[in-house]
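# Quick one, structure for this:
(3 chains)
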Amino acid sequence: MTRRVAVTGLGVVAPGGLGVKAFWELMTSGRTATRPITLFPARGFRSRIAAECDFDPEAAGLVAAEVDRMDRYVQFAVVAAREAWAQAEIDAADPWRVGVSMGSAVGGTTLLEHDYVTTSGSGERWLVDAGLASRFLHRALSPAGLAAEVADAVGARGPVRTVSTGCTAGLDAVGHGARLIEEGRADVVVAGGAESPISPITVACFDAIRATSVRNDDAGRAARPFDRDRDGFVLGEGAAVLVLEDREHARRRGALVLAEVPGFATRSNAHHMTGLTTEGVEMAEAARLALHQAGVAPADVDYVNAHGSGTRQNDRHETAAFKRVLGQRAHTVPISSIKSMIGHSLGAIGAIELAACVLALTHGVVPPTANLDTPDPECDLDYVPHTARECDLRAVLSVGSGFGGFQSAVVLTHPERS
Amino acid sequence: MSPAAVVTGLGVVAPGGLGVERFWPSIRDGHRALGTLSRFEPNPYPVVVGGEVRGFEQEEWVDGRIAVQTDRFTHFALAAATMALREAALVPAEVPSFEFGVITAGYSGGVEFGQREIERLWHSGPEHVGPYQSIAWFYAACTGQISIGNGLRGPSGVLVADEAGGLDAVAGACSELRRGATAMLVGGTEAPFCPYAICCQLGNGLLSTGTDPATAYLPFTSRAAGFAPGEGGAMLVVEDADAARDRGARARAVVAGYGATFTGPQRFERSAEGLARAARCALAEAGLDVSEVDVVFLDALGDPLADRAEFEALRSLFGPAADRVPVTAPKTGYGRCYAGAAALDVAAAVLALDHGVIPPTPGVDECRFDLDLVTGPAREADLRTALVLSRGLYGGNSALVLQRPEANRGGS
Amino acid sequence: MDTTLSPTDLAALINRCTGVAVTGDQVCFSQQSFDELGVDSLGLMGVVAELQRNHGMSREVDVAPDQSPRELLSLLTGRA
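Model (predicted):
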């Protein structure tokens, strides 16, 4: 018998507020947290806006040694993990049966860039001066330190992995975390994503391919998924962590189950590293498989959390994918993109979106797509413009799409859905 | 695992040789491929010895359009994937594209490409960063390019966990095969030899600063003083056993079991228990008793504490028989290639099972622990079951059990 | 800043930026678009960016993959 996967804890560090409560308040308000970049001097860059976290590590509970050792994205993750773990109230779990599955696309970019400037003399030396490197730079070369720190934060000794499938990493990490439980490799998996990419090299690389919005004078309204006047995504940062648990394990200890994760699938478009076709075939296939695994028919999908990055090509591609996989239901189901409010935090956003889905199921409220003033005629579905909407939600579909061609889908269901 | 996954093809890009036809003889014969690092000169860093891939002609393996948009680590991955498909005699178009995916394990990503671009940014300005930085440096580049290059629309993934990630990736591929995939390309490649990458690696304190390639990387000896890094790696074709049989492919080995634990970055003493548990889990999954293990491919970090922990893990696992189970670390001949290391160890294990020969641990002539470390010449043996052990610098401990197809009885 | 880019120079620049072998003759005479020549969207962005950085091409100009190297050359030299 396949084990069922429950969500018993949630933690979020997102633009607009620390913690789940502040996050959900923003999600239901329809306000946006996109603004001019403050994390570094952005003059001279094409896109000068981002969704930043106002993050004070000490206020968030990190001690000096942790602040010293951990890169920004790891700090986000550990704070979110502690929030989720506290909510789950797991007092006695065999640590060898507790795993971690975290996602990040660009990992230690912040520290890598910071130390690059020092060791290279701002790009003067190819043969960088290693003597000027900071003590923990070695941890930044790979995002693997992310899962390791989260594992230490919760005392996990089971399978611990960092998933790095670009912009679907957060979604995939949770999906793979659920599989660890299904396959009996762990009873509890702390899963999510974290990213702190707001750094010159990342902003510049998206500038170079014109993927990001240049609505620099109107930052709050720049992230406009599905809108006729959208001009790219707004880079964001943050983290979200879900405590996943074998449903039986949760039941035995009387844990409060927030949601279940009955379906996950990923496919690739094998077409182009950044380009998307207009048909959405592979995203539709990933969604179809996830829904099938979950035993949820298209007609029973109550809400779709879109990738909705706000690039011209993505939103068209996704609209086609929804029609393909949901058929008639695509035209009536509420669909929204929270990137409209908190930007696109690459490997973190998939997990943050799943957190929003869990909260949507819990509260019976669908977050809106902010800034959707004039829908693109090609994006002619119900994208929930501006205002959050009360809905009875039983089954939710979340999708993601990323550089490299990754197309992923996760299905979440209400704990009482039979 | 159900006996669903078989290795049908191997592609190797290693300092010891390109392709299985060169890699196998080089490790069988204990060939020494470590040398003085030459990728950049002068080399101002204290790490002088490493394993560099020689004779790799990028134009032979990578289309010009792809070469400009990718880092060396992706060139290696593309080449290894092509070789693996050839060896498996598997034409991607003959597999339903949604059922064929790729998983790669990584550590340093496209770091040399990245250093060039970040230099342009800081030296000349943001507008000097090129359009390929967004797809060349990130860890998902190899999976993405292999998927596109071969039209693979199946389930794909990217894991980053240093060496342990390589084994985790193989297990992930097997998981996908159980969930409906027909074939998977899986492995890892690394190209960590640019100045900034070396600068980052130095901080882990585990790199050997020996200047003599013959003595820089000597795990399990009293002279162990760290590991020599390597570049390269391997890709494997892993298929559903029934599908492989149906198309007449030769199954080289069965991936029979897997286990993974975490004991924390460089907490070597604890890694002993972590590694032993991972191995026990893998063996249990394979339905095997520990006495059935014929050879162990070691992690071989080369740090005295890490070596001792690996010995303790073996002792815990095998009990009094620990000194009689052949163990080996061919990577002393070509370096520890981070995420590529595990893929190369799996390739070596498959080849060992195939040939009935245990490749030795080159350069190592004494072992300070009571182990049957295979040194000197290769050893012929009736090999049915191989255990591969890998630890990651970030604290993961992973184990994989491989078996000769006819020996596999099916696990749990 | 060098704005006098010969067809051969432009061909070499396209080659360097995109990995696609284009000749000076093709730049002069061929109607084939970048798409048809196998230059993808990212590659073309790189070509345009280099021309803007080092060869005085206006930043207001945009070039689409369905245009040809020949059109690009005339945009650059102002003979559109």
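# Check for me that C:R53 belongs to a strand.
No - counting by DSSP: H, G, I helix; E, B strand; the rest coil, C:R53 falls outside a strand, being helix.
# Could you tell me which ranges of chain A sit under the pLDDT cut-off?
A:1, A:418 (pLDDT under 70).
# quick one, longest helix in it?
Scanning chain A for the longest helix, with DSSP state H as the assignment, gives helix A:72-88.
# Chain B now?
Assigned via DSSP H, chain B shows its longest helix as helix B:268-286.
# Tell me the strands beside the helix or strand just after that one, with direction?
Moving toward the C-terminus from helix B:268-286, the next helix or strand (DSSP states H and E) is strand B:295-297. Using DSSP bridges, the strands paired with strand B:295-297 in its sheet are strand B:326-328 (parallel), strand B:385-391 (parallel).
# between the longest one and helix B:268-286, what angle do the directions make?
Going by axes from the mean of the first three to the mean of the last three C-alpha atoms, to 10 degrees, strand B:385-391 is angled at 150 degrees with respect to helix B:268-286.
# residues contacting the residue nearest the centre of chain A?
Ranked by distance to the mean C-alpha position of chain A (C-alpha atoms, centre = their mean), the top residue is A:I349 at 2.0 Å. Each residue near A:I349 by C-beta atoms under 8 Å, 6 or more residues apart in numbering or on different chains is listed here: A:167, A:170, A:193, A:195, A:236, A:238, A:339, A:342, A:400. In this view, the C-beta of every residue, glycine as well, is placed from N, C-alpha and C.
# cool, and A:M273?
Counting by C-beta under 8 Å, 6+ apart, A:M273 has contacts A:403-405, B:69, B:135, B:141, B:144-145, B:148, C:42.
# From C:G19, how far off is A:A65?
Distance from A:A65 to C:G19, counting by C-beta to C-beta, to the nearest Å: 47 Å.
# And for A:M273?
From A:M273 across to C:G19, the span is 14 Å (C-beta to C-beta).
# Report how many residues lie close to the residue lying closest to B:A321 once chain neighbours are set aside.
In space, and not counting its chain neighbours, B:A321 is closest to B:S291: 6.8 Å by C-beta to C-beta, 6 or more residues apart in numbering or on different chains. B:S291 has 12 neighbours, counted by other C-beta atoms under 10 Å in any protein chain shown.
# quick one: B:V68 and C:G56, what's the gap?
Taking C-beta to C-beta, one finds B:V68 at 24 Å from C:G56.
# of these two, who's got more company?
B:V68 (22 against 14).
# Which strand or helix spans the nearest residue to A:L18 once chain neighbours are set aside?
If the residues on either side of it in the chain are set aside, A:L18 comes closest to A:A60, at 6.0 Å by C-beta to C-beta, 6+ apart. Using DSSP H and E, A:A60 maps to neither a helix nor a strand.
# Quick one: residues contacting A:A60.
Listed by C-beta under 8 Å, 6+ apart, the contact set of A:A60 reads A:13, A:18, A:75, A:79.
# re the thing from before, could you dump the contacts of A:M273 into a markdown table and include distance to C:D62?
Output for the contacts of A:M273, formatted as a markdown table (distance: C-beta to C-beta, whole Å):
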| residue | distance to C:D62 |
| --- | --- |
| A:F403 | 22 |
| A:G404 | 26 |
| A:G405 | 26 |
| B:Q69 | 21 |
| B:I135 | 21 |
| B:A141 | 27 |
| B:G144 | 26 |
| B:Q145 | 27 |
| B:I148 | 26 |
| C:L42 | 15 |
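# could you dump those to JSON lines with distance to A:R48, secondary structure and neighbour count?
Converted to JSON lines, the contacts of A:M273 look like this (distance: C-beta to C-beta, whole Å; DSSP: H, G, I helix; E, B strand; the rest coil; neighbours: other C-beta atoms under 10 Å in any protein chain shown):
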{"residue": "A:F403", "distance to A:R48": "22", "secondary structure": "coil", "neighbour count": "23"}
{"residue": "A:G404", "distance to A:R48": "27", "secondary structure": "coil", "neighbour count": "30"}
{"residue": "A:G405", "distance to A:R48": "29", "secondary structure": "coil", "neighbour count": "29"}
{"residue": "B:Q69", "distance to A:R48": "26", "secondary structure": "coil", "neighbour count": "26"}
{"residue": "B:I135", "distance to A:R48": "23", "secondary structure": "helix", "neighbour count": "26"}
{"residue": "B:A141", "distance to A:R48": "27", "secondary structure": "helix", "neighbour count": "28"}
{"residue": "B:G144", "distance to A:R48": "28", "secondary structure": "helix", "neighbour count": "30"}
{"residue": "B:Q145", "distance to A:R48": "31", "secondary structure": "helix", "neighbour count": "26"}
{"residue": "B:I148", "distance to A:R48": "32", "secondary structure": "helix", "neighbour count": "19"}
{"residue": "C:L42", "distance to A:R48": "22", "secondary structure": "helix", "neighbour count": "23"}
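# Can you tell me which of the residues you listed comes closest to B:A309?
Checking these against B:A309 by C-beta to C-beta gives B:A141 as the nearest, at 33.2 Å.
# Could you tell me the per-residue confidence at the residue nearest to B:A300 when sequence neighbours are not counted?
Distance criterion C-beta to C-beta, 6+ apart; nearest residue to B:A300, sequence neighbours excluded, is B:A329 at 3.6 Å. B:A329 is assigned 98 on the pLDDT scale.
# So B:A329 is in contact with B:L298, correct?
Yes - counting by C-beta atoms under 8 Å, B:L298 is a contact partner of B:A329 at 4.4 Å.
# Common neighbours of these two, please.
Contact criterion C-beta under 8 Å, 6+ apart; residues shared by B:A329 and B:L298: B:219-220.
# where along chain C do the helices fall?
C:7-18, C:24-29, C:34-37, C:41-54, C:69-77.
# same question, the stretch 251-400 of chain A
In the stretch 251-400 of chain A, the helices defined using DSSP state H, counting those that start in this stretch lie at A:281-294, A:312-326, A:339-342, A:349-363.
# Between A:M273 and C:G19, which contacts overlap?
B:Q69.
# For the closest residue to chain B within chain C, grab the count of nearby residues.
At 3.6 Å from chain B, C:G19 is the closest residue in chain C, using C-beta to the nearest C-beta. Here the number of neighbours of C:G19 (other C-beta under 10 Å) works out to 20.
# which residue packs closest to it, ignoring adjacent ones?
For C:G19, the closest residue by C-beta to C-beta, 6+ apart turns out to be B:G64, at 3.6 Å.
# Look at that neighbour and report its pLDDT.
Looking at B:G64, the pLDDT reads 95.
# residues contacting it?
Residues in contact with B:G64, defined by C-beta under 8 Å, 6+ apart, are C:19-21.
# And A:F406, by the same measure?
Residues in contact with A:F406, defined by C-beta under 8 Å, 6+ apart, are A:165-168, A:172, A:266, A:268, A:400, B:140, B:144, B:156.
# can you map out the helices along the stretch 201-350 of chain B?
Using DSSP H, counting those that start in this stretch, helices in the stretch 201-350 of chain B cover B:241-246, B:268-286, B:304-318, B:339-355.
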